[in-house]
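S.K.: sequence first, then the predicted structure:
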Amino acid sequence: MEGRSQISPFTLVRGTRGALAPGQLFNTKEYRKLMAIMVIETNSSFALVASNSFGTLMAYCNGAAITISRRTRKCDMQSILYKDLFETLRVRLQDHIFTSAKINLTIDAWTSAKKLPFLGITAHWIDMGYERFNTLVGFERLRGFHTVGVG
């Protein structure tokens with residue numbers, strides 16, 4: 001297993017660039033979906049895709065590409081996570097469990113730089129081809145503090 005790459009279950013297509021075919025029209029909905037998947041898969045900041053330089057890069061690649069605000073990006077990501085990808089992930093995990101395979105969970109709580117407590121839950125599994133997968137299955141803001149006082 002050493003040296004094998006970890007694959008995100010959010011990766012929809014491997015080995016293709018997804019470029020528009022000659023004569024194919026730019027699809028804003030697909031662009032927003034692919035942008036949200038890129039942010040999720042690369043763990044990028046919302047600030048990156050809302051930056052002027054990123055918008056300039058996208059406009060250079062295709063003049064129809066629009067700059068998308070952080071708020072819109074967040075809504076797109078939630079829509080994709082909870083409507084599209086979450087269902088795909090749910091089916092994959094169910095199929096994996098059906099083969100009597102195991103899924104391990106990692107749970108971690110931490111406080112952000114802005115003093116906000118969060119809890120993250122990650123699932124880890126190895127498929128029948130010995131390929132290792134890791135994916136975020138839960139990320140919640142906690143109420144109160146996540147640390148236990150000593151003393």
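M.R.: Received it, and whenever you're ready, just let me know what you need.

S.K.: what's the domain layout of this protein?
M.R.: Per the record's domain assignment (automatic domain parsing), the chain is made up of the domains 25-88, 101-151.

S.K.: quick one: distance of the first one to the chain centre.
M.R.: For domain 25-88, the distance between its averaged C-alpha position and the chain's averaged C-alpha position is 11 Å (CA atoms, centre = their mean, to the nearest Å).

S.K.: which other helices and strands contact the host helix or strand of residue 90?
M.R.: Taking DSSP states H and E as the definition, one finds residue 90 inside helix 86-98. Helices and strands touching helix 86-98, by 3 or more CB pairs under 8 Å, 6 or more residues apart in numbering; DSSP states H and E, are strand 117-126. The way it works is simple: take the backbone N, C-alpha and C, and place the C-beta from them, glycine included.

S.K.: who are the neighbours of the helix or strand following the strand it packs on, in terms of helices and strands?
M.R.: Past strand 117-126, heading to the C-terminal end, the next element that is a helix or strand (DSSP H and E) is strand 132-141. The helices and strands touching strand 132-141, judged by 3+ CB pairs under 8 Å, 6+ apart, are strand 117-126.

S.K.: for the strand it packs on, which strands pair with it and how are they oriented?
M.R.: strand 104-111 (antiparallel), strand 132-141 (antiparallel) (DSSP bridges).

S.K.: as JSON lines, the domains of the chain with mean pLDDT, distance to residue 94 and mean neighbour count would be great.
M.R.: Formatted as JSON lines, the entries for the domains of the chain read as follows, by pLDDT from 0 to 100; distance: least, CB to CB, whole Å; neighbours: other CB atoms under 10 Å:
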{"stretch": "domain 25-88", "mean pLDDT": "78", "distance to residue 94": "11", "mean neighbour count": "14"}
{"stretch": "domain 101-151", "mean pLDDT": "79", "distance to residue 94": "10", "mean neighbour count": "11"}
